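> Give me a 3D structure for the following:
(2 chains)
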Amino acid sequence: DQQVKQNSPSLSVQEGRISILNCDYTNSMFDYFLWYKKYPAEGPTFLISISSIKDKNEDGRFTVFLNKSAKHLSLHIVPSQPGDSAVYFCAAKKDSNYQLIWGAGTKLIIKP
Amino acid sequence: DAMVIQNPRYQVTQFGKPVTLSCSQTLNHNVMYWYQQKSSQAPKLLFHYYDKDFNNEADTPDNFQSRRPNTSFCFLDIRSPGLGDAAMYLCATSSRTGVTNEKLFFGSGTQLSVL
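Below you'll find the predicted structure:
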């Protein structure tokens, strides 16, 4: 039972344009969401998070949007840069539970 | 820099031969996790230590064991590796103080091959 889904295994975007990575979840009890970025042969690194009491969180070029009614969140990267090429994981948790539930990841490729 | 260090980066073992993966941290975090990640899949939590308390996930095979001799170190022991255990093993830490929105800090992982 996949509670967190990233339906696009890969995404290719032109450098300088906007990258939009999507994530859907099924458990309405999730109240905290995170995005992690992973380069090949490295561990994931934390990128940005959002609490369910918000619908938007911004950090530099990265913005996460949360639509609770649709159980959908998205990560926007603008402008996209070559160094953004990586696998992006969406993860969710319930405040009462330590465990992160992960999506399968989306591989983002930024084309020059 | 404070960090999570995993050794070795690549480990090759034989089918059925016990293997130990190690993880150390300088972050002084009270929680340490072990994840298994296979290609194109989500990381799968095997178990974690909250201080000295060991928490095993229900679907983690008995073949996988862990030790945390002190705050800084945590080991993953695979008693009899099978071909299906070939994967990236990720160690992560976090600072948990009550029920908070903790963030995980990952090591670079150990890529395990089973021949």
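> Pull out the buried positions in stretch A:56-66.
For stretch A:56-66, burial by neighbour count (16 or more other C-beta atoms under 10 Å in any protein chain shown) applies to A:N57, A:F62, A:T63, A:V64, A:F65, A:L66. Every residue, glycine included, has its C-beta placed from N, CA and C.
> and the closest residue to the third one other than its chain neighbours, what is it in contact with?
Ranked by C-beta to C-beta, 6 or more residues apart in numbering or on different chains and with sequence neighbours excluded, the top spatial neighbour of A:T63 is A:H76, at 4.6 Å. The neighbourhood of A:H76, defined by C-beta atoms under 8 Å, 6 or more residues apart in numbering or on different chains, consists of A:I18, A:S19, A:I20, A:F62, A:T63, A:V64, A:F65.
> Need the nearest residue in space to the closest residue to chain B within chain A, chain neighbours excluded.
Residue nearest to chain B within chain A: A:G43 (3.1 Å; C-beta to the nearest C-beta). The shortest distance from A:G43 to any non-neighbouring residue, by C-beta to C-beta, 6+ apart, is to B:F106 (3.1 Å).
> Pretty sure that neighbour sits against B:C91.
Yes - the pair B:F106 and B:C91 passes the contact test of C-beta atoms under 8 Å, sitting 7.1 Å apart.
> neighbours of residue 70, just the number please.
No chain in the question, so chain A it is. 9 (other C-beta atoms under 10 Å in any protein chain shown).
> Chain B was what I was after
Other residues close to B:N70 by other C-beta under 10 Å number 8.
> Around chain A, which positions in chain B sit nearby?
B:4, B:6, B:9, B:31, B:40-43, B:45, B:48, B:50, B:90-92, B:96, B:99, B:101-109, B:111 (C-beta under 8 Å from any C-beta of the partner chain).
> So for B:S39, what's the pLDDT?
Per-residue pLDDT puts B:S39 at 83.
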